[in-house]
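Trainee: Here is a sequence with its predicted model. Questions after.
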2 protein chains.
Amino acid sequence: MNILVTGAAGFLGRRLIEALLQRGSLSDRHGVQQPIQRILAFDVVPLTGIDDPRVQPLCGDLAEPEVLQQLVDANTDSIFHLAAIVSSQAEQDFELGMRVNFTATQQLLERARALGTCPRWVMTSSVAVFGGDLPDQVEDQQVWAPQSSYGTQKAMNDLLLADYSRRGFVDGRSLRMPTIVVRPGKPNMAASSFASGIIREPLNGQESVCPVPLATKLWLLSPALAIKNLIHGHELTAEQLTQGRVINLPGLSISVGEMIEALRTVAGEAVVSKIRHEPNPAIERIVSSWPGAFTATYAKSLGFTADDDFKEVIRQFATENHPT
Amino acid sequence: MNILVTGAAGFLGRRLIEALLQRGSLSDRHGVQQPIQRILAFDVVPLTGIDDPRVQPLCGDLAEPEVLQQLVDANTDSIFHLAAIVSSQAEQDFELGMRVNFTATQQLLERARALGTCPRWVMTSSVAVFGGDLPDQVEDQQVWAPQSSYGTQKAMNDLLLADYSRRGFVDGRSLRMPTIVVRPGKPNMAASSFASGIIREPLNGQESVCPVPLATKLWLLSPALAIKNLIHGHELTAEQLTQGRVINLPGLSISVGEMIEALRTVAGEAVVSKIRHEPNPAIERIVSSWPGAFTATYAKSLGFTADDDFKEVIRQFATENHPT
């Protein structure tokens, strides 16, 4: 199997590549496990720290059409398209968001169509495609009504991927990811960045700002299950995808207050005291437009999975990031 | 008011221009009626037969970026963007459909954004954005699941227009049109072309083919109300659009069998006998994926209107096209 991963140096991309290398094989179009021969690891910054002859790092800007030509060739079996400009940044820089989040996806799909090889295509979408007047639990039939340019761009990608799949240009699966928590590393310009920050920074003895009310409901998924679900999404056969190519993933519905309570249980009061509450209307506007819970009926029927205890998610993060 | 109409030589475009000329004014951004000074009437074929100094015909290909630059300038107050490649043709020629239905819309929106003048923008969308497992009556909250490239392209336009409106680049209103019946003229490559054909051709003493089962439910709107609703959509203030910029219009839910019965009542058995039943699986697949009825709650609350008697729609067509 020849695999392309975009956004390879990002948090999910790196973990996905590590998981793929460890796994060693993926399903081909006939449902047969085939050894992974090459992973083209593409990102705007170099992927470092993964030393494996199967991994071929490549650096470039997805917004440049010539770059896209190098990413997919007739031997490309599978594409994990994870690269994106995150929500707050896409809101601040409309042109950059459109270019990277939508136009690059469109051009990458066009490249695959031109080759005529119908590669398997796994893509991350987002709960940010939803908004407006929402029920407590969003069903798979809920209309899309993005309240951000990021959500708009992701929804347009979903539509394109579904049509390219229907026409046989690619064999696509777009996974609507919950907010991934706890991300390691630094805060980023995702509007949801605080959701990891209020756990990660206090555990590291640093202050963290919570910009939204405690009652704000989030729909979360741990990094481990995000990777597991991405690979599961790849391994499903096209025949299993009876209700389309765009899949609202299961997740854990939890309020910010409950997240902080879980942190108190796991790590104690001194850690929780590092959280400072400082409302940020711009972030609150975006985050509160996202649904706090989904039925994810289709995804569950396909075998996608969710975390059931946020304390476990915190412990998992603490173990991975502070090995004793 | 300086107005652009794309698709001006088409059936709806021509009628819209005639209605605008007769009306003489449109609401400006402050809600004040202003005289119509110029209508730039753009299409790929020349608009003929409308002789009015306010109308400035312009011919060109929307798929060419240079053309778009000529269409919108800083004086453009309002845009009626009606131009499209119809459903069956967009299905047959994927590239042409994408270029005209989506890319041209995107570039026209970009042109408006670059000017920074926030023109009012009225656009036709389609019930073809829906598909899959649908309830008998589609609600405004129904997820989009296009089963055709045409529906995909229209849904992407809707998303873009909503985001451009949210950001203040344009003041958009996308109207999800029912199937317009009875269209005058010749059959076209719309999958829904037969819906007018089975009324129009028999009334003209010609044979017509019905390619779908009699039980097929359609969601219809007469040409007169289509134009009335397009202008109504323009005249609404931005403040009235509390539930977004994409509006499922009201219509008349009727089966193909009921349409034929109405024709029998209005025009008699000899006329109905001109209809030949000849199943066409390609057309049936597309048409049967469209919903047959909508609640159109939001649209009704905004004052959009529908026909209530298909016999009246037939009589209206017969009167307009066979003046005695």
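Mentor: Cool, got the structure.

Trainee: Spatially nearest residue to residue A:6 (excluding sequence neighbours)?
Mentor: In space, and not counting its chain neighbours, residue A:6 is closest to residue A:83: 3.9 Å by C-beta to C-beta, 6 or more residues apart in numbering or on different chains. Quick note: C-beta positions are derived from backbone N, CA and C, even for glycine.

Trainee: cool, and residue A:94?
Mentor: residue A:149 (5.7 Å).

Trainee: For the stretch 101-250 of chain A, which residues are neighbours of chain B?
Mentor: A:132-133, A:140-147, A:149, A:152, A:155-156, A:159-160, A:162-163, A:166-167, A:243-244 (C-beta under 8 Å from any C-beta of the partner chain).

Trainee: Can you report how many residues lie near residue A:165?
Mentor: By the criterion of other C-beta atoms under 10 Å in any protein chain shown, residue A:165 has 23 neighbours.

Trainee: Quick check: it vs residue B:40, distance?
Mentor: Separation of residue A:165 from residue B:40 (C-beta to C-beta, to the nearest Å): 39 Å.

Trainee: quick one: the strands in the stretch 151-300 of chain A?
Mentor: Using DSSP state E, counting those that start in this stretch, the strands of the stretch 151-300 of chain A run over A:171-177, A:179-180, A:208-210, A:217-221, A:246-248, A:252-255, A:275-277.

Trainee: hey, where'd the helices end up in the stretch 51-200 of chain A?
Mentor: Taking DSSP state H, counting those that start in this stretch as the test, the helices found in the stretch 51-200 of chain A are A:65-71, A:87-92, A:94-97, A:104-115, A:149-166, A:193-203.

Trainee: Arrange the ones you listed in a markdown table, one row each, with distance to residue B:61 as further columns.
Mentor: Formatted as a markdown table, the helices of the stretch 51-200 of chain A follow (distance: least, C-beta to C-beta, whole Å):
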| stretch | distance to residue B:61 |
| --- | --- |
| helix A:65-71 | 22 |
| helix A:87-92 | 31 |
| helix A:94-97 | 25 |
| helix A:104-115 | 20 |
| helix A:149-166 | 23 |
| helix A:193-203 | 45 |
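
Trainee: any idea which of those helices is most buried?
Mentor: helix A:149-166 (a mean of 26; mean count of other C-beta atoms under 10 Å in any protein chain shown).

Trainee: Now do that one: which elements does it pack against?
Mentor: In this structure, helix A:149-166 packs against helix A:87-92, helix A:94-97, helix A:104-115, strand A:120-126, strand A:171-177, strand A:246-248, helix B:149-166, with contacts taken as 3 or more C-beta pairs under 8 Å, 6 or more residues apart in numbering or on different chains; DSSP states H and E.

Trainee: what do you get if the cut-off is 6 Å, keeping everything else the same?
Mentor: With contacts taken as 3 or more C-beta pairs under 6 Å, 6 or more residues apart in numbering or on different chains; DSSP states H and E, helix A:149-166 sits against helix A:87-92, helix A:94-97, strand A:120-126, strand A:171-177, helix B:149-166.

Trainee: before we move on, back to that, in contact with the residue nearest to residue A:94, which residues?
Mentor: The contact partners of residue A:149, by C-beta atoms under 6 Å, 6 or more residues apart in numbering or on different chains, come to A:90, A:91, A:94, A:97, B:163.

Trainee: is it true that the last one touches residue A:152?
Mentor: Yes. With contacts defined as C-beta atoms under 6 Å, residue B:163 counts as touching residue A:152 at a distance of 4.0 Å.

Trainee: can you tell me which of the helices of the stretch 51-200 of chain A the model trusts least?
Mentor: When these are compared by mean pLDDT, helix A:65-71 comes last with a mean of 86.

Trainee: roughly how far out does it sit from the chain middle?
Mentor: Chain-centre distance of helix A:65-71: 22 Å, with C-alpha atoms, centre = their mean, to the nearest Å.

Trainee: CA atoms only: put it into CSV for me.
Mentor: What follows is helix A:65-71, C-alpha atoms only, in CSV (Å, rounded to 0.1, in the frame of the first residue of the first chain):
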residue,chain,number,x,y,z
PRO,A,65,-1.4,23.8,-7.3
GLU,A,66,2.0,22.4,-8.5
VAL,A,67,2.6,20.9,-5.1
LEU,A,68,-0.6,18.8,-5.3
GLN,A,69,0.6,17.1,-8.5
GLN,A,70,3.5,15.6,-6.5
LEU,A,71,1.3,14.2,-3.8
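
Trainee: and that helix, what does it pack onto?
Mentor: Judged by 3+ C-beta pairs under 6 Å, 6+ apart, the packing partners of helix A:65-71 are helix A:104-115.

Trainee: so the helix it packs on versus strand A:171-177, what angle?
Mentor: 160 degrees (axes from the mean of the first three to the mean of the last three C-alpha atoms, to 10 degrees).

Trainee: what pairs with residue A:39 across the strands?
Mentor: Residues in a beta bridge with residue A:39, per DSSP bridges, are residue A:3, residue A:55.

Trainee: Over to the one 4 residues further on?
Mentor: Taking DSSP bridges, one obtains residue A:59 as the residues bridged to residue A:43.

Trainee: measure the residue nearest to residue A:6 to residue A:192 for me?
Mentor: In terms of C-beta to C-beta, residue A:83 sits 17 Å off from residue A:192.

Trainee: Pick out whichever of the two has more residues nearby.
Mentor: Counted by other C-beta under 10 Å, residue A:83 and residue A:192 do not tie: residue A:192 has more neighbours, with 27 against 23.

Trainee: What distance do you get for the nearest residue to the more buried one once chain neighbours are set aside to residue A:310?
Mentor: Spatially, and ignoring its direct neighbours in sequence, residue A:192 is nearest to residue A:179 (4.5 Å; C-beta to C-beta, 6+ apart). Residue A:179 is 12 Å from residue A:310, where distance means C-beta to C-beta.

Trainee: Against residue B:138, how distant is the residue nearest to residue A:145 when sequence neighbours are not counted?
Mentor: Excluding the flanking residues, the one nearest residue A:145 by C-beta to C-beta, 6+ apart is residue A:132, at 4.2 Å. Noted for residue A:132: a distance of 17 Å to residue B:138, by C-beta to C-beta.
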